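Asks: Here is a sequence together with a model predicted from it:
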Amino acid sequence: MDLKRRLRRRGRRLREWSLRHVQPLAPGLHNLIFFRLRRFLARSQGLGRSLEWSDLRQLFGSEAAATSRWQPLVSVIVPAYNHRPYLEERLNSISAQDYPHVEVILLDDASTDGTADALRAWAGRQARPTRLVLNESNSGSPFRQWRKGLELARGDLIWIAESDDSCAPDFLSRLVPLFSNPAVMLAHARTVFVDQAGQPTGWELEHYIPELGPDFWRRPSTTSAHELVQRIWARRNLIANVSGAVFRTARQYPLLGDPLWESLRICGDWWFYLCLARGGFVAYCPEALNYYRQHSSNTSVGLHRSERYLQEHLLIAEKVSTHYALSGSACLAVQRELKERWSAHGHPASDPKAADLIAGLDSHAPFMHGRKPNILMVIYSLVPGGGEILPLRLANLLHGAGYAVTVLDCDQLPSQEGVRQMLNPEVPLVVLKGLAELPRLVRALGIELIHSHHAWADATIAEVLQGASSIPHVITSHGMYDTMEEEQLERLGHLLTPWLRGVAYVADKNTGPLKQMGFEPERLCKIVNAVDDAPIHPVSRSSLGLPEDALVLCVVSRGIREKGWQEAMEATAMARSATGRDIRLLILGTGPELERIQQLSQPPWLQTLGFRSNARDYYACADLGLLPSWFQGESQPLTLLECLAAGRPFLASDIGEIRSMLETSAGLAGMVIPLEAGRVPVRLFAEAIGRYATDPELLVDHRARVAQAAARQGGAAMLAAHEQFYAQALSRA
């Protein structure tokens, strides 16, 4: 059966499934899923197209121009040391930038030629935010100055403008729009090599890296870091000069605290670029916007023919092999380059300093030198929900543990900025024009494992990739399959069981539907939900108009009927009436329930606050978390973990694994109330709230148990469990 007929048939089946499965979650969503799926799969004629490695802009659509609505702050870092003759031209080129939203950070590394005085005078004349930091003694490393600037920077984007270079006035306004594609981690412009007097030397980028050919340098492009490494970046530094590049903020890379990186004199920038671009894309603007000055006091240029450069080049080769999946031809090219450079400097290729590393670049080892697999984390949309927020947190944890992880947003619902902000900006985020482009994306990124978290995404990936790719695919069931009927489970089982390498689940009740779909026990793995270690900054009660002596309840969930917002309001009203106590209710979240409630006359003790990305800060403001849910797919609610992390007990329905999540050696860190005929018993919730309101010791006792309950569900344990899960999936044939 041809691909088009197969996709059409599967589309009909998925529509039938969505009518039964998604409709209870959000009215009308089933139609959206069906029509979006049909639209994406209709584009699948291009699955077999070859990948044009040098330009992937067609995967994402045209980049939006920077406008007044999207003007990210750019931190311009100027590290200076004894560059007084060139400083005026450099600083004037920064002042002349026609991009308005910048801050400038001037760093002097104990210059002895009057550079500090010139920086001080210039800073005093600037209308734009400008900071000047003067070292009393020389740091001994340009990369220590880079780190200092990055620690001070507040911007979303960073431009390190070296103090002896200069640029065109539209340098930033041409490069910043390229970052409207959230997968672009670094953008660079054409660099012109100039002499001490600022005149072109005649040396061009085509001479700097001739292997790329002239067309590469003459056309705009968006290219994956993975492909650039295969083609050239593993053996030559693609970025001739840091002044010609802009990149996303880089505050949390382990590299920044590495003394080895700080000790480098020549190749530290190369190592830095490879780290920050990993898992993402590099954009190039062919306009001549950057002027790289070549002069006798240029330290890095002077060292390029020294043995130190050879040693640092060897180090970069080692770092590339531990961070990127090098192809066989790329390994051979790196080996050849190292041998030629080593021999050209009068050293035999068998020199023990180089021989071990060169021989160790073995492309046949799947994860050589301890390299970790490249992971594509797939989410349905950037919207609130456990199946959307947990993968973002997992991506952050994997990134911090040294994985190349890329998040793919299937973009099925309008994104919420607060959810987007939960993803570390150092993790690339891809939004494709259509999921039919997925095979091209996984090739471009060198993806070695796909992890999806939503039944729609699970099925769509299986449909699109079967026959086009053999990338291992694992999923996590957050409870969605629990809501499906037998017939839908059987049909999806036929699609997914031959395809998936492993299935994680968060609650024991998830296993029934998975086994019904045909998954053997050895492919199932329980991994409990967890939260990260983000700091908590409690929202002040005064900012919300809450009395200090009131009992404050907090509900944080999706705004759907089954999450019990109405029951929470009714129970709170009953408890207030029965006890005479001042009991307040905060509700955080978005969805149909928020719209419904906001159309009603709200009592003064109720506040609906919409979505908040810092839920823990609101829980910390409250006395008690509340979730009177009767949602059929409830498993291990993340919101409960947020509440425990904030140090507050929890009152909830006895559903999913809520009871076990609250268990401690001293009893529950809160209360659970059984459903009655599948619905929330409002009266019992009101009585429980009343007990907390009238018995302060009960609240103190339950709060004392929270730390023990929270300790079992930390991010480190979740990361370790996923690493083992991935290793098992990759080992399966």
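Replies: Looks like it came in fine. Numbers count the residues shown, from 1 in each chain.

Asks: what about this protein, any weak spots by pLDDT?
Replies: Within the chain, the stretches falling below the threshold (pLDDT under 70) are 1-55, 61-69, 296-306, 345-369, 733.

Asks: got the contact list for the residue nearest the centre of it?
Replies: Ranked by distance to the mean C-alpha position of the chain (Cα atoms, centre = their mean), the top residue is residue 427 at 3.3 Å. Taking Cβ atoms under 8 Å, 6 or more residues apart in numbering as the criterion, residue 427 is in contact with 279, 395, 396, 399, 405, 406, 407. To be clear about C-beta, it is placed using only N, CA and C from the backbone, and glycine gets the same treatment.

Asks: want to try TSV for these, with distance to residue 258 and secondary structure as columns?
Replies: As requested, the contacts of residue 427 are exported to TSV (distance: Cβ to Cβ, whole Å; DSSP: H, G, I helix; E, B strand; the rest coil):
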residue	distance to residue 258	secondary structure
279	19	coil
395	22	helix
396	20	helix
399	16	helix
405	20	strand
406	23	strand
407	25	strand
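
Asks: out of these, which is most surrounded?
Replies: Most neighbours among the contacts of residue 427, by other Cβ atoms under 10 Å: residue 279, with 30 neighbours.

Asks: Touching, that residue and residue 405? I think so.
Replies: Yes: under the criterion of Cβ atoms under 8 Å, residue 279 makes contact with residue 405 at 5.8 Å.

Asks: The residue nearest to the centre of the chain and residue 256: what is the separation?
Replies: With the distance defined as Cβ to Cβ, to the nearest Å, residue 427 ends up 16 Å from residue 256.

Asks: With residue 712 instead?
Replies: Residue 712 sits 32 Å away from residue 256, going by Cβ to Cβ.

Asks: what about these two, which has more around it?
Replies: Taking neighbours as other Cβ under 10 Å, residue 712 and residue 256 compare with residue 256 leading, 17 against 14.

Asks: I figured that one was touching residue 149, is that so?
Replies: No: with contact taken as Cβ under 8 Å, residue 256 and residue 149 are classed as non-touching, separated by 10.9 Å.

Asks: Domains in the protein, by residue range?
Replies: The domain map for the chain lists 74-304, 372-532+716-731, 541-713, with the assignment taken from automatic domain parsing.

Asks: Please convert the ones you listed to CSV, extending it with distance to residue 322.
Replies: As requested, those are exported to CSV (distance: least, Cβ to Cβ, whole Å):
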stretch, distance to residue 322
domain 74-304, 10
domain 372-532+716-731, 9
domain 541-713, 31
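
Asks: who wins for proximity to residue 324 among these?
Replies: Evaluated with Cβ to Cβ, the domains of the chain place domain 74-304 nearest to residue 324, the distance being 4.7 Å.

Asks: longest single strand anywhere in this structure?
Replies: strand 281-293 (DSSP state E).

Asks: show me where the stretch 301-450 of the chain has strands.
Replies: Counting by DSSP state E, counting those that start in this stretch, one finds strands in the stretch 301-450 of the chain at the ranges 375-379, 405-409, 429-430, 449-452.

Asks: elements contacting the shortest one?
Replies: When contacts are defined as 3 or more Cβ pairs under 8 Å, 6 or more residues apart in numbering; DSSP states H and E, strand 429-430 sits against strand 405-409.

Asks: switch to 10 Å and redo it
Replies: Secondary-structure packing of strand 429-430 (3 or more Cβ pairs under 10 Å, 6 or more residues apart in numbering; DSSP states H and E): strand 375-379, strand 405-409, helix 438-445.

Asks: Can I get these in TSV including distance to residue 307?
Replies: Compiled in TSV, these are given as follows (distance: least, Cβ to Cβ, whole Å):
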stretch	distance to residue 307
strand 375-379	38
strand 405-409	37
helix 438-445	36
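
Asks: So for residue 517, which of those sits nearest?
Replies: Evaluated with Cβ to Cβ, the helices and strands packed on strand 429-430 place strand 375-379 nearest to residue 517, the distance being 18.9 Å.

Asks: Who are the packing partners of that closest one?
Replies: helix 386-400, strand 405-409, strand 429-430, helix 438-445, strand 449-452, helix 455-465, strand 473-477.

Asks: Nearest to residue 503 among these would be which one?
Replies: The closest of the helices and strands packed on strand 375-379 to residue 503 is strand 473-477. By Cβ to Cβ, the value is 5.6 Å.

Asks: now the angle from the helix or strand that comes right after the closest one to helix 455-465?
Replies: Using DSSP states H and E, the helix or strand that follows strand 473-477 in sequence is helix 486-496. Between the direction of helix 486-496 and that of helix 455-465, the angle (axes from the mean of the first three to the mean of the last three Cα atoms, to 10 degrees) works out to 40 degrees.
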